[in-house]
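*Asks:* got a sequence here, can you model it:
(chains A, B and C)
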Amino acid sequence: MQWKRVVLGPTLVLAASSVAFAGPNPAGGTISGKVTYEGTPAKMKPIDMSKEPSCAKMYTTPPVAETVVAGSGNSLEDVVVYISAGAPDDAAPSTAAVFTQKGCRYIPHVLAFQVNQELKIVNEDQTSHNIHPLPKLNREWNKSQPPGTPAISEKYDKAEFIPVKCNVHPWMHGNFAVMKNSHYGVTADGGAFSLANLPPGKYTVSAWHESYGDQSQEVTISGNETKTVNFVFKAKPY
Amino acid sequence: MSESSAQQAHVHAPSTGFWRKYVFSLDHKVIGKQYYALALAAVFTGMILSWLMRIHLVWPEAKIPGLELLSKAGAPGGVMTPEYYLSLLTMHGTLMVFFVLTNAPFAAFGNYFLPIQIGAEDMAFPRFNMMSFWITFLAWVVLMLAFVIPDGPPIAGWTEYTPLSAIGKDAGPGMQWGASLWGLSIAIFCAASLLGSLNFIATTLDLRAKGMTLMRMPLCTWAWFITSCIALLAFAVLLPACILLILDRHAGTSFFIPAGIVASDRVQPHSGGSPLLWQHLFWFFGHPEVYIAILPSMGIVSHILINSMRKPLLSARVVIYSMMSIGFLSYMVWGHHMFLSGMNPMSALAFSFPTLTITIPATVLTLIWLGSLYGANIQVNSASLFALGFISMFVSGGVSGFFLAQPSIDIYLHATYFVVGHFHMVMGVASLFGVFAGTYFWFPKMTGRFMNEGLGKLHFWITFIGAYCIFMPFHYLGLIGNVRRYQSFVNDFMAPYIPLHKFITIAALITGGAPFISLINVVQSRFRGKWAPEHPWNATSLEWSIPSPPPWNNFGDRHPVVYHDPYQYGIKAAKGDFVMQDSPEQVPAVGD
Amino acid sequence: MGKFFAVVLVVIALASAYPIVKHHFPLPEDISTHGHLIDKQLHETMVEAGIAFVGAQLVLALFLWSFTGRKPGAPLKSFPGGAKGLVIFAFVIVGLEVLALGVLGQKAWASVYFTPAKADALQVQAQAEQFAFYFRYAGPDGKFGQIHPEKIDEGNQNYFGLDPENDVAARDDIVSGELVIPVNKEVHLMLHGKDVGHSFYVRELRIQQDFVPGLDLSVHFTATKTGKYEIVCTQLCGLGHYNMKAYLNVMSQADFDAWLKQQSQ
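*Replies:* Numbers count the residues shown, from 1 in each chain, chains lettered A, B, ... in the order given. Presented below is the predicted three-dimensional model:
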């Protein structure tokens, strides 16, 4: 949990500011809001890493599964909020999106990046991992990474939500969100998101969660205003 | 029991033209050499694979120079991935068992010498013979293609157990096209072997020269004949098994895959199949196969030993009957590979008894070899050193079989290094010793020159001592519970034994230099070796009654006539202490 | 060179036997109720195999020493008794010996496979998958929920494909990455293969059994000593085979009950 706050928070800030400073139109409207849940989410079970002592010893208390991460104030974390219609496709940025295997977990749990953007996969553990994304539209591959070997570099050419598993460690699961344009974010604790630099137009904002599905809402931007859009997901008890 | 007049039926003209003479030859001698060359390519490849495996096993994070060129995915930055280790392991086993141990002692030497030793001009079906080599070559090419496809060779071991080998790419790397290439290659190999076996059997039964009764055939000919009978049945079962496997992988059938399997997060669309069916089919072939690997070497070693000892074995007839009973029993024991497989535990006992019973003919053979050495006049040279070394290796490798034949002990030793030590010693090393002995012994026949004795002895000593250094410790590792087919040992349990593994790796690297010495010897001697006299070993069997190298039709225009068995040694005779098989000279009536 | 060969053989025979005789590679301690039968069988076989091995190598060495490098014209001798004596020896002595091993050995086999598990054995289900073992206990209701392969969701830790929403029996099932058992109590371990062939091997328990997808297999055993022991996979199952393990954690009955209670919460 701690890593996510450390990694995602600044990432979100950087993403938001890069959108704010790098967009073709420095001004423009913003769609922001919060993602929350209603009901009682299933209790996340602790992960038993006893089969991999080199990872197990990195935790004082066992970590829990991350398929549903409930934040403060009923907020829902790891939701990918993005513009699914109304914005043109964007060229991929030159920086790489980094997916790290550490403590036998994927960091971040959900990594959002763009079509044709370089995906860099790093292994910081003492054990070999074999990352296996399971796309339906893109090309399927899996790659072993013994400790100390160079980062894996890949890219995807179609927008898709791709579950990711580790072939060696069954509890390791994550997600790739391959985005068509640069207007996206992944919620952290608090559930907040902000999609800025949107030229006037009619947009469909979508929110995707790996367990609770996806929702969409239509928003129209006319100038430089900020429109608020909130998403509420129904929690499942199991 | 045809007379020599029946040989007219298959006469073929001497070969002319480059392709017919050297490539698509119908001459059994050329075909024998082609099998030998293929086995050489396979054994060096297999050995280098084993070096890569041993190096990675003890230094898993090492960057192996050049490995990335072989496979970028398999060795990023030169560091071998876990799956590539398994790919190399699979190819090592497949190459060694099929393309070395079935090809060299059986197809190579058998093809070259069986017709000559029975007094025939060629095999019964020279065209089938030529086809069987080239189809074997095709099988090898198909197998080697697995190295160059992107996903690499399969990772399920040479045994390719289902469902791992049957469900396709969801099972893991190499299991998409690599495994299909494996299945195709082995199916093609089976077809070629069936042709070869038919040839051996028909030739042995129909083309013996006048006076060459079955009991007067040399022991190596007997071994090749019995082996070809075993091979006919065994490969006939593996061939359809491979076809069924290919169908499961590509045609949506479910011979080997039950319902409800979930791999790579996908429920596999199969139902109704049995993983055990593959194991039964495979081992019904696989067990006779290991006897296909060892019997020819038993025959070759017996043949060479007798010549080196200058006296016959205590009883050639007993040796023949022992080899026959081993061949017969080999079909009743396959379940000893499956004691813990989930088959009915009662069948474990049913398979255990014939397995233990095979000890009897194996012991008889060993005692006959040993007992025959008593009072002999043993000539020591490279060939006899390997023949004698075979006895030592066969005993060492064989006694570990006592343990594995008992299901209760197998509960503990199954899938440990104990098994790996057992089969490497008794099948790998011992069988190869027969091939080495045959090479040094018959080189003068095939080329007219001797191989270099100094290099030969060096080859022997490095190999003999080295093989013990490598494979004896495997048994100790098995006793403490070292599991096999692991690409590295990451568990605390194994930490104290890593130094022993390092010792084995270093021994393997050093011992592996010996075959290169032998290869240099073969090449050098072929062109500059000392010329051999007409009777380099003062030997009796029919191959020594013709020029070296033999003419295209072996016996020229004459039809040899045989007067007695091939082991008339240690007697007072005109030429010395031996009488050749085709010599009408009277010999004292001995035992049999 | 024949005499040198003889010396090498003696060295090899004695050097090979030495680590065994000196117990340098002892079997891991036996913590099972049936293991002593297997160990006894193994030790007896080792003695007989050892005698055969050392004996044969020494006889070969002796004959090489005596019958190589002989003067030309030295008389040839025949082994007393000839082939007949050796064949009789092989059939009678070796035959009886190996068959005795087989007959006596079936007792150890029978104790593992021909006796059913006790009625009050602790029921645990083991699932082997690429590349981990998971263990399931029935929970307070004493009933195992049904397995639905299509419901397997490993990111959510649903390794067995249980359906707690609709299947009441599945709600209290306890799934663990460790096989935790009480000492001195028989355990009936049901083996379920999720994807390909695997195998369950605990050296100290002297138990090894393959998982076969599609077959309901099981083993039963009683652990006699507390402690943590490795469970390793011994059937090649793919790229992670070398790292497929779990721990057998044998606890006192009181500790086990406490653990079970804690897992239920």
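
*Asks:* contact residues of chain A facing chain C?
*Replies:* Counting by CB under 8 Å from any CB of the partner chain, the residues of chain A lying close to chain C are A:42, A:45, A:47-52, A:65-67, A:127-128, A:130, A:144, A:163, A:165, A:167-171, A:173, A:210-211, A:237-238. For glycine as for every other residue, the C-beta is placed from the backbone atoms N, C-alpha and C.

*Asks:* of the residues you listed, buried ones?
*Replies:* A:42, A:47-52, A:65-67, A:127-128, A:130, A:144, A:163, A:165, A:167-171, A:173, A:210-211 (16 or more other CB atoms under 10 Å in any protein chain shown).

*Asks:* go ahead and flag the most central residue of chain B.
*Replies:* B:Leu101 (1.8 Å; CA atoms, centre = their mean).

*Asks:* that one touches B:Val429, doesn't it?
*Replies:* No. Applying CB atoms under 8 Å as the test, B:Leu101 and B:Val429 come out as separate, 10.7 Å apart.

*Asks:* which residues touch residue 130?
*Replies:* Going with chain A. In this structure, A:Asn130 makes contact with A:Asn142, A:Lys143, A:Ser144, A:Gln145, A:Cys166, A:Asn167, A:Val168, B:Pro82, B:Glu83, C:Leu239, C:Gly240, judged by CB atoms under 8 Å, 6 or more residues apart in numbering or on different chains.

*Asks:* looking at chain C here, not the other one
*Replies:* Residues in contact with C:Gln130 (CB under 8 Å, 6+ apart) are A:Asn167, A:Pro170, B:Gly172, B:Ala263, C:Lys194, C:Asp195, C:Val196, C:Cys237, C:Gly238, C:Gly240, C:Met244.

*Asks:* could you find the closest non-adjacent residue to the first one?
*Replies:* Pointing back at A:Asn167 there. Nearest residue to A:Asn167, sequence neighbours excluded (CB to CB, 6 or more residues apart in numbering or on different chains): A:Asn130, at 3.8 Å.

*Asks:* for C:Gln127, what are its contacts?
*Replies:* C:Gln127 touches C:Phe133, C:Tyr134, C:Phe135, C:Arg136, C:Tyr159, C:Phe160, C:His192, C:Gly193, C:Lys194, counting by CB under 8 Å, 6+ apart.

*Asks:* go on, C:Arg70?
*Replies:* Applying CB under 8 Å, 6+ apart, one finds that C:Arg70 lies in contact with B:Asn377, B:Ile378.

*Asks:* wasn't it part of a strand?
*Replies:* No. Counting by DSSP: H, G, I helix; E, B strand; the rest coil, C:Arg70 falls outside a strand, being coil.

*Asks:* ok, back up a step: report the buried members of the contacts of A:Asn130.
*Replies:* Counted by 16+ other CB under 10 Å, these give A:Asn142, A:Lys143, A:Ser144, A:Gln145, A:Cys166, A:Asn167, A:Val168, B:Pro82, B:Glu83, C:Leu239, C:Gly240 as buried.

*Asks:* closest to B:Ile504 among those?
*Replies:* Within those, proximity to B:Ile504 (CB to CB) peaks at B:Pro82, which comes in at 20.0 Å.

*Asks:* pretty sure that closest one is touching A:Pro146, no?
*Replies:* Yes. Contact criterion CB under 8 Å: B:Pro82 and A:Pro146 qualify, at 7.4 Å.

*Asks:* what strand or helix carries A:Lys34?
*Replies:* strand A:29-38 (DSSP states H and E).

*Asks:* ok, back up a step: please enumerate the shared neighbours of B:Pro82 and A:Pro146.
*Replies:* A:Ser128.

*Asks:* for the residue of chain C positioned farthest from its centre, helix, strand, or coil?
*Replies:* Computed with CA atoms, centre = their mean, the residue of chain C farthest from its C-alpha average is C:Gly73, at 56.2 Å. State at C:Gly73, reduced to three classes by three-state DSSP: coil.

*Asks:* B:Gly570 versus that one, what's the distance?
*Replies:* Separation of C:Gly73 from B:Gly570 (CB to CB, to the nearest Å) stands at 12 Å.

*Asks:* again with B:Leu388
*Replies:* According to CB to CB, B:Leu388 and B:Gly570 sit 18 Å apart.

*Asks:* out of those two, which sits in the more crowded spot?
*Replies:* Neighbour totals were compared for B:Leu388 and B:Gly570, and B:Leu388 leads with 30 against 20 (other CB atoms under 10 Å in any protein chain shown).

*Asks:* pLDDT of the host helix or strand of that one, averaged?
*Replies:* If you go by DSSP H and E, B:Leu388 is part of helix B:382-404. Averaged across helix B:382-404, pLDDT comes to 97.

*Asks:* same question for stretch A:203-211.
*Replies:* The average pLDDT for stretch A:203-211 rounds to 95.

*Asks:* again, but for stretch B:319-326
*Replies:* 97.

*Asks:* what do you get for stretch A:122-131?
*Replies:* On average, stretch A:122-131 scores 95.
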